[in-house]
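Student: Task: produce atomic coordinates for the following.
(2 chains)
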Amino acid sequence: MTTQSCSSAVGLGYRSAISDWTRANLHRFDLLEITVDHCLHGSKAKRAAIFDLVGQIPLTAHGVGLSIGTDVPLDLAYLDQVADIVERLAAPAYSEHLAFTRVPGRDLANLLPLPKTEAVAESIIAKVQTVQSHISVPFLLENISYVFEWPDSKLSDAEFLNLICRETGAGLLLDVENVYLNSRNHGFDPFDFLDSLSPGLVQEVHMAGGIDLPQESTERVFFPDTHSHPVPDAALDLLDYALTRHGPATIILERDDRLDRFDEILDDIARIRMRLNARGSISHAEPAIGPAE
Amino acid sequence: MPNRLLDLQNNLLAYLTSSAAIFGEEDATSVDPALRGIDRELLHLEARFSHDKRLAKIVGAFPRTFELFGNQQAAVVREFVQACPPVEIGRIENVRQFHAFLVTWWQRHPPNAPHLVDVAACELACAEVRVDRDDRPAELENDDPRAQQGTIRRPPWVVLCRCAFDIRPIFEPDSRNSVLEKRDTRLVISLPPDANDLEIFEVNPVGFDLLFMLDDWTERAVFAEALEARKLIASLAARKLLEVRV
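Tutor: Numbers count the residues shown, from 1 in each chain, chains lettered A, B, ... in the order given. The predicted model follows:
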């Protein structure tokens, strides 16, 4: 088995709502992840607060507004703006979701999955190449959590990601929580998914936690992507397992709700570091835990 | 096949933003054939998640309006969904879209409280001054070449709202048993950059009309000859309801 070093930097997804707290606790993080769209659309004060971080702590760039999967040409003006932001942040990479959120005239503001076919992959490959020609740093695609699947999908999640990344040289931003949620909602083994990713593909990692959502109409329980609660131990186990085959440069804790639970945020960071440290002190020849039964 | 994926995506978003998907009120024929292979229950869930996120933005801006809807609330939301699919992701865009819908809705359905129209307008004004401070786009913050020495304007953190009722008590902390006076009331909603809390107060008709006129940089000299106007401008500027470039 390929082994990887565990020298990943651990940081937090920057949120303006807890800017003061984040600033006062910079020493607790190795880096912050900046959402480039907040640099484009936020108020002057919020944008100034973000750019003020440059030089104080390493920053990486993440996007939510590209909608790379919408079957229309990419918004090149938006990409040029992103390129400027990435440069100002001195970010080593720029990531976006492999998804679509809108079509002309309608914006769902939710990440939606794509049909996983070779034809769709071809279209995405061309768009990734366009992104790469506009942005000077490596481009990473992030796996999303999805509620439904397209019936005409022919490829697995991992095959779809591997194909696009192989053809473009793009890396993967592995959202471990999304893998965990998808595996519970759609009944697959998350360890199999991680095994199926091309070795070394994962360049960055997102960690988060959410809640269970019982459905009123059925006995089904759905696990939505809320980024609102502590990272579950099962997701940390998946992180451990991913680290046996991948050496991500960064691991980012994402939190979008209950942002004032600073104790939970710091505890999550500590738990991620503990997993990394434990990996650093043991032989990496085998994964720390085995696949789920 | 050209545009096949875009067709699918268009159909999907049309469905996910429909009242049929959001409220589960469809029959089998209301689902586009291209989407019939997708688990219907999961499509409902996706539609509901997205709708709830959008509605949270709207309810967050119109808390008193929604309370006053009473038993009309569900009907209002349902018709809004049918008439106004989400066009943009932003909070203020959805808030404005909802208020524009209400204005037309009330032409067909009289509001169940006579002051509801005023409350909704005032809550929209509150949202506008907040967005000015929190989410103002970059281009509005650039130095405006028209803002020259000796010019004045109503700043973007001041929004005017003329009401048929004095609705201010509704915006007080304990407003449950407020008695509202029906009278022509000219309100100013203000949230200056250095203030923590939004203010709602009444101004006299002359002050209101002056503020109404000054929505862009204007030569102060236009008003200089009238002593009363000068006093009024000084008074409004002191309350940060006018920006003055000296």
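
Student: rest of the way, CA atoms for contacts and neighbours
Tutor: OK.

Student: Count the neighbours of the closest residue to chain B within the stretch 151-293 of chain A for me.
Tutor: Taking Cα to the nearest Cα, chain B has its nearest neighbour within the stretch 151-293 of chain A at A:Pro151, 5.7 Å off. A count of neighbours around A:Pro151, defined by other Cα atoms under 10 Å in any protein chain shown, yields 14.

Student: and it, what pLDDT?
Tutor: A:Pro151 carries a pLDDT value of 91.

Student: right, and it touches B:Arg40 too?
Tutor: No: at 11.9 Å, A:Pro151 does not count as touching B:Arg40 under the criterion of Cα atoms under 8 Å.

Student: Flag every buried residue along stretch A:100-117.
Tutor: By 16 or more other Cα atoms under 10 Å in any protein chain shown, the buried positions in stretch A:100-117 come out as A:100-103, A:106-117.

Student: where along chain B do the helices fall?
Tutor: Using DSSP state H, the helices of chain B run over B:4-16, B:19-23, B:40-61, B:63-69, B:73-83, B:91-108, B:116-134, B:138-141, B:205-213, B:227-238.

Student: which residues does the residue lying closest to A:Gly69 once chain neighbours are set aside contact?
Tutor: Leaving aside its chain neighbours, A:Gly69 sits nearest to A:Phe100 (4.5 Å; criterion: Cα to Cα, 6 or more residues apart in numbering or on different chains). Neighbouring residues of A:Phe100 by Cα atoms under 8 Å, 6 or more residues apart in numbering or on different chains: A:Ser67, A:Ile68, A:Gly69, A:Thr70, A:Leu111, A:Leu112, A:Pro113, A:Leu114.

Student: Ok, A:Ala208 next?
Tutor: A:Ala208 neighbours (Cα under 8 Å, 6+ apart): A:Val176, A:Glu177, A:His227, A:Ser228, A:His229, A:Pro230, A:Val231, A:Leu253, A:Glu254, A:Arg255.

Student: Any stretches of chain B with poor pLDDT?
Tutor: B:1-3, B:27-30, B:132-147, B:175-176, B:224-225 (pLDDT under 70).

Student: Got the domain ranges for it?
Tutor: For chain B, automatic domain parsing gives the domain ranges B:1-112, B:135-246.

Student: if we look at the sheet, which residues does B:Leu187 bridge to?
Tutor: B:Cys161, B:Glu202 (DSSP bridges).

Student: what kind of secondary structure is A:Leu141 in?
Tutor: strand (DSSP: H, G, I helix; E, B strand; the rest coil).

Student: which parts of the stretch 1-150 of chain A sit against chain B?
Tutor: For the stretch 1-150 of chain A, the contact set with chain B under Cα under 8 Å from any Cα of the partner chain comprises A:40-44, A:46, A:70-72, A:102-103, A:105-110, A:120, A:147-150.

Student: Just the ones in strands from the residues you listed, please.
Tutor: Judged by DSSP state E, these include A:Arg102, A:Val103, A:Arg106, A:Asp107, A:Leu108, A:Ala109, A:Asn110 as members of strands.

Student: export the residues you listed to JSON lines and tack on pLDDT?
Tutor: Supplementary listing: those in JSON lines, determined by pLDDT from 0 to 100:
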{"residue": "A:Arg102", "pLDDT": "97"}
{"residue": "A:Val103", "pLDDT": "97"}
{"residue": "A:Arg106", "pLDDT": "96"}
{"residue": "A:Asp107", "pLDDT": "96"}
{"residue": "A:Leu108", "pLDDT": "95"}
{"residue": "A:Ala109", "pLDDT": "91"}
{"residue": "A:Asn110", "pLDDT": "93"}
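
Student: Enumerate the positions of stretch B:56-67 that are buried.
Tutor: Applying 16+ other Cα under 10 Å to stretch B:56-67 flags B:Lys57, B:Ile58, B:Ala61, B:Phe62, B:Arg64, B:Thr65, B:Phe66 as buried.

Student: my bad, should have said stretch A:127-140
Tutor: A:Lys127, A:Val128, A:Gln129, A:Val131, A:Gln132, A:His134, A:Ile135, A:Ser136, A:Val137, A:Pro138, A:Phe139, A:Leu140.

Student: what's near enough to touch the third one?
Tutor: Each residue near A:Gln129 by Cα under 8 Å, 6+ apart is listed here: A:Thr168.

Student: Same question for it, what's its three-state structure.
Tutor: A:Gln129 ends up helix, using three-state DSSP.

Student: can you tell me how far it sits from chain B?
Tutor: Distance, A:Gln129 to chain B, by Cα to the nearest Cα, to the nearest Å: 19 Å.

Student: One more: the second one?
Tutor: For A:Val128, the distance to chain B equals 17 Å [Cα to the nearest Cα].

Student: Same question for A:Glu142.
Tutor: Distance, A:Glu142 to chain B, using Cα to the nearest Cα: 20 Å.

Student: what's the longest helix that chain A contains packed up against?
Tutor: Across chain A, the longest stretch assigned as helix under DSSP H is helix A:262-280. When contacts are defined as 3 or more Cα pairs under 8 Å, 6 or more residues apart in numbering or on different chains; DSSP states H and E, helix A:262-280 packs onto strand A:9-13, helix A:233-243, strand A:250-253.
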